[in-house]
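Enquirer: Okay, sequence plus prediction incoming.
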Amino acid sequence: MELRQLRYFVRIVETGSMGNAAQDLNIGVSALSQQMTRLENELATRLLQRTSRGVTPTSAGLAFYSQAQLSLRHADDAVLAAREARLSGHVSVGFSSSTASVLGIPFINAMRENYPDVRLHIVESLSGNLERMINTRQIDLAVVFQPDKIMRWSARPVLEERLFLIGTHALLAQIPGDQIVPGRLAGIPLIMPSKGHGLRGILQEICSTHALNLDIVTEIDGLALLMRAVREGVGATLQPGAAISRLDNDALRVIGIQNPILSRPNFLVSLSDDELPPAGLAARVVLSKVMRQLVDAGRWPGATLYAG
């Protein structure tokens, strides 16, 4: 039994006519009649008596009419209570530039759809700055890459991103195929963020652990300018899949790294649960869900979800 069937039935009894009820409900008479037949079949009793003068309820229909009205009032009260209790408030969320390029708009849309009364503040900054802002309670949650720098807050691993070599076709002309081993990176001039950047910190650790040599010729701490310099042929860059998700032209070549050591973990960090406001708790659930949906849908290149 559906709530709309109760509404249909009550309106038919109130108007005494299938035609008038159908007009009020903005549906066809045939469709309305079919719904009533389904309702009567489900209840195994006749509720309406069709006559030449219209439609009247049977004795069973009158008893059902009384309870249907009560059910509809309860349903309307429930809807009103839910609307009046809609979650509101404010939440601040931090993304690095590369993460924002793939995650920002889907997350904003999901929050607007699920919690339209929550005021969302998005901060796009370096991962190191986001870590500092979490530690000083300037933002509620963020996606970062080195959770060991987060003091006593909640940190949940969500996904791992492979890194890709990105450069002009001319600069990378000597590389055959669409894959490269890490050792081949040594002779390629690279444009990378400075040492305070989360991605650069990860690369330093990888290079130290695996004895890799990188030739970083220019440091740029902004994704837009960095990618413009790459397009101009100043150098190539190593970036995660999030950064290549918006590449929409053939001016640049994207080459995968064969060894999975060149990857970047993504952690969803937040204030502790007892400090996070209700809007923040809701945003954390939505953010985790959107991240997983993007990976499952193949919209986050090179990303793999952690188990759990």
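Expert: Looks like it arrived, so ask away.
Enquirer: all contacts plus neighbour counts: C-alpha atoms, from now on.
Expert: Fine.
Enquirer: The longest helix seen in the chain: which residues count as buried?
Expert: With secondary structure taken from DSSP state H, the chain has its longest helix at helix 59-84. Using 16 or more other Cα atoms under 10 Å as the test for burial, helix 59-84 gives 61-62, 64-65, 68, 72.
Enquirer: Do a quick rundown of the helices in the stretch 201-308 of the chain.
Expert: Per DSSP state H, counting those that start in this stretch, the stretch 201-308 of the chain carries helices over the ranges 223-231, 241-244, 278-296.
Enquirer: now those in TSV, with mean pLDDT?
Expert: Converted to TSV, these look like this (pLDDT from 0 to 100):
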stretch	mean pLDDT
helix 223-231	89
helix 241-244	78
helix 278-296	93
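Enquirer: Let's have the buried residues of helix 59-84 in a markdown table, adding pLDDT and distance to P116.
Expert: What follows is the buried residues of helix 59-84, written out as a markdown table (pLDDT from 0 to 100; distance: Cα to Cα, whole Å):
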| residue | pLDDT | distance to P116 |
| --- | --- | --- |
| G61 | 89 | 41 |
| L62 | 90 | 41 |
| F64 | 90 | 38 |
| Y65 | 90 | 36 |
| A68 | 87 | 32 |
| L72 | 87 | 26 |
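Enquirer: which one of these is nearest P106?
Expert: Using Cα to Cα, L72 comes nearest to P106 of the buried residues of helix 59-84, at 36.1 Å.
Enquirer: dump the residue contacts of that closest one.
Expert: For L72, the contact set (Cα atoms under 8 Å, 6 or more residues apart in numbering) comprises 3, 6-7.
Enquirer: go again using 10 Å as the cut-off
Expert: The contact partners of L72, taken as Cα atoms under 10 Å, 6 or more residues apart in numbering, are 3-4, 6-7, 10, 78.
Enquirer: now swap in I12 and tell me
Expert: By Cα under 10 Å, 6+ apart, I12 lies in contact with 6, 18-22, 24-25, 32, 36, 48, 54-57.
Enquirer: Filter those down to just the buried residues.
Expert: Neighbour-count burial (16+ other Cα under 10 Å) applied to these gives 6, 18-22, 32, 36, 48, 55-57.
Enquirer: Same list, those, but as a markdown table with secondary structure please.
Expert: Output for these, formatted as a markdown table (DSSP: H, G, I helix; E, B strand; the rest coil):
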| residue | secondary structure |
| --- | --- |
| L6 | helix |
| M18 | helix |
| G19 | helix |
| N20 | helix |
| A21 | helix |
| A22 | helix |
| L32 | helix |
| M36 | helix |
| L48 | strand |
| V55 | strand |
| T56 | strand |
| P57 | strand |
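Enquirer: pLDDT added to these, as CSV?
Expert: Shown next, in CSV, are the buried ones among the contacts of I12 (pLDDT from 0 to 100):
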residue, pLDDT
L6, 90
M18, 87
G19, 88
N20, 89
A21, 89
A22, 90
L32, 89
M36, 89
L48, 90
V55, 89
T56, 90
P57, 90
